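S.K.: Coordinates for the following, if possible.
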Amino acid sequence: MTSPGPTQAEAREATTALLREVRRIEIQTSRLVDQHLSGSYQSLFKGRGVAFSEVRAYEPGDDIRSIDWNVTARTGEAHVKLFTEERELTVMLLVDMSASLDLGSTHADKRNLVARLAATFAFSAIRNNDRVGLIGFTDRVEVFVPPRSGRKHVLAVVQQILTHPPASRQTDLTVGLETMARLGRRHAVVILISDFIDAGLGDTGLAGVGNAGAGKRAAAFERALKLVRRRNDMIPVRVEDPIELDLPNLGLVSVEDLELLELGGISVIDLGGRRAKRYREQVAREREGFDKLMNRLRLEAMTIRCGENWEKPMVRFFERRARRMRK
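M.R.: Numbers count the residues shown, from 1 in each chain. Okay, here's the model as predicted:
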């Protein structure tokens with residue numbers, strides 16, 4: 001016997017709550033962009049290079065290095081080339097939509113935080129007439145939104161992140177990255193937002209047993225990162241919940257596996273002192289592995305935790321990168 005679906009009143013209430021949340025995200029992120037990030041964004045994501053525009057007759061004061069000698073020889077009069085900056089960019093949001101994003105031990109879960117982070121980058125982009133696209137993935141690509149500009153488009157992207165019901169509970173970061181690489185677009189700014197839980201960057205499982213698959217996942221993840229980074233500006237953003245970093249010593253508890261523990265369904269596990277300690281050690285190894293990989297690939301990653309002020313690290317990140325770009 002199937003359970004009855006929501007009534008019309010419940011559906012209307014859910015829709016109203018969703019629209020209210022999307023509007024809150026728009027107000028918060030738009031204010032952040034306008035007050036702190038708009039100038040840094042222009043310095044951070046300049047158009048890559050210049051494009052030929054036209055040829056005109058040479059005028060006194062023009063740089064002689066811009067003379068078009070072919071046209072000059074053909075016409076018998078000096079002409080110069082004019083160029084314009086390739087200003088428009090494409091910002092692609094690669095967003096982890098797996099079940100682990102539903103975890104939330106504070107007032108908001110990771111999925112809500114991810115939506116705010118994605119909206120911040122997206123509203124920064126459309127303020128500069130850049131386009132925004134979305135690749136939402138689990139262990140498969142579940143959502144693809146082609147790059148476009150405009151407020152309505154960004155709000156639709158945010159709504160997708162908040163409401164998409166994942167078909168799979170698992171994560172494969174390589175899938176999202178390889179999809180981005182296959183798009184074959186010109187240079188883009190790629191924002192990879194995930195908790196990076198299943199990147200295989202730790203060397204053992206929760207119970208301390210060696211995980212042969214972890215090494216393969218880590219190697220595939222690194223190859224995919226390099227592939228995307230070769231043609232694009234890549235910014236990894238790691239989102240965390242405090243409870244992921246330090247499981248409490250609770251003894252025997254019944255837990256629902258979101259994908260983190262790889263137990264499947266609802267299970268009773270021992271969160272006693274030894275198990276909690278091994279878990280902390282495993283998390284520390286995974287975080288250290290992630291940091292080492294970012295350093296090795298010279299990628300500046302951002303880590304933001306649920307329950308903490310996420311605006312300040314975002315502003316610091318924009319300002320720091322903008323200063324480096326100006327050097």
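
S.K.: quick one: low-confidence ranges for the stretch 201-327 of the chain?
M.R.: Scanning the stretch 201-327 of the chain for pLDDT under 70 picks out the ranges 202-213, 246-273, 325-327.

S.K.: how many other residues sit next to residue 155?
M.R.: By the criterion of other Cβ atoms under 10 Å, residue 155 has 18 neighbours. In this view, the C-beta of every residue, glycine as well, is placed from N, C-alpha and C.

S.K.: Centre of the chain to stretch 150-158, how far?
M.R.: Remark: stretch 150-158 is offset 16 Å from the chain centroid, using Cα atoms, centre = their mean, to the nearest Å.

S.K.: Please enumerate the helices of the stretch 51-200 of the chain.
M.R.: 69-75, 110-127, 151-163, 173-182 (DSSP state H, counting those that start in this stretch).

S.K.: possible to save those helices as a markdown table with mean pLDDT and distance to residue 221?
M.R.: As requested, the helices of the stretch 51-200 of the chain are exported to a markdown table (pLDDT from 0 to 100; distance: least, Cβ to Cβ, whole Å):
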| stretch | mean pLDDT | distance to residue 221 |
| --- | --- | --- |
| helix 69-75 | 90 | 48 |
| helix 110-127 | 89 | 19 |
| helix 151-163 | 90 | 22 |
| helix 173-182 | 94 | 5 |
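
S.K.: which of those sits most buried?
M.R.: Among these, ranked by average contacts under mean count of other Cβ atoms under 10 Å, first place goes to helix 110-127 (a mean of 24).

S.K.: closest one to residue 243 among the helices of the stretch 51-200 of the chain?
M.R.: Shortest distance between residue 243 and those, using Cβ to Cβ, is found for helix 110-127: 10.8 Å.

S.K.: So what's the gap between that closest one and the chain middle?
M.R.: That offset, for helix 110-127, works out to 9 Å (Cα atoms, centre = their mean).

S.K.: Equivalent analysis for stretch 214-230, please.
M.R.: For stretch 214-230, the distance to the chain centre is 16 Å (Cα atoms, centre = their mean).

S.K.: try stretch 143-159
M.R.: 14 Å.

S.K.: What are the contacting residues of that stretch?
M.R.: 18, 22, 25-26, 90-93, 97, 115, 118-119, 122-123, 125-126, 129-137, 160, 164, 179 (Cβ atoms under 8 Å, 6 or more residues apart in numbering).

S.K.: do that again at 6 Å, thanks
M.R.: Residues outside stretch 143-159 that contact it (Cβ atoms under 6 Å, 6 or more residues apart in numbering) are 22, 25, 90, 115, 119, 122, 126, 131-136, 160, 164.

S.K.: now stretch 214-225
M.R.: Contacts of stretch 214-225 (Cβ under 6 Å, 6+ apart): 173-174, 177-178, 199-201.

S.K.: Output these in TSV; the columns should cover distance to residue 244.
M.R.: Converted to TSV, the contacts of stretch 214-225 look like this (distance: Cβ to Cβ, whole Å):
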residue	distance to residue 244
173	17
174	21
177	22
178	26
199	14
200	16
201	14
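
S.K.: Residue 82 versus the residue of the chain positioned farthest from its centre, what's the distance?
M.R.: Residue farthest from the centre of the chain, counting by Cα atoms, centre = their mean, is residue 76 at 54.1 Å. For residue 76, the distance to residue 82 equals 20 Å [Cβ to Cβ, to the nearest Å].

S.K.: do the same with residue 40
M.R.: 29 Å.

S.K.: Neighbour count for those two, which is higher?
M.R.: Comparing residue 40 with residue 82 by other Cβ under 10 Å, the one with more neighbours is residue 40, at 20 against 14.

S.K.: what helix or strand is that one on?
M.R.: Using DSSP states H and E, residue 40 maps to helix 38-44.

S.K.: Show the average pLDDT along that helix.
M.R.: Averaging pLDDT along helix 38-44 yields 68.

S.K.: Need the max-distance pair from the contacts of stretch 214-225.
M.R.: Taking Cβ to Cβ, no two of the contacts of stretch 214-225 sit farther apart than 178 and 201, at 18.0 Å.
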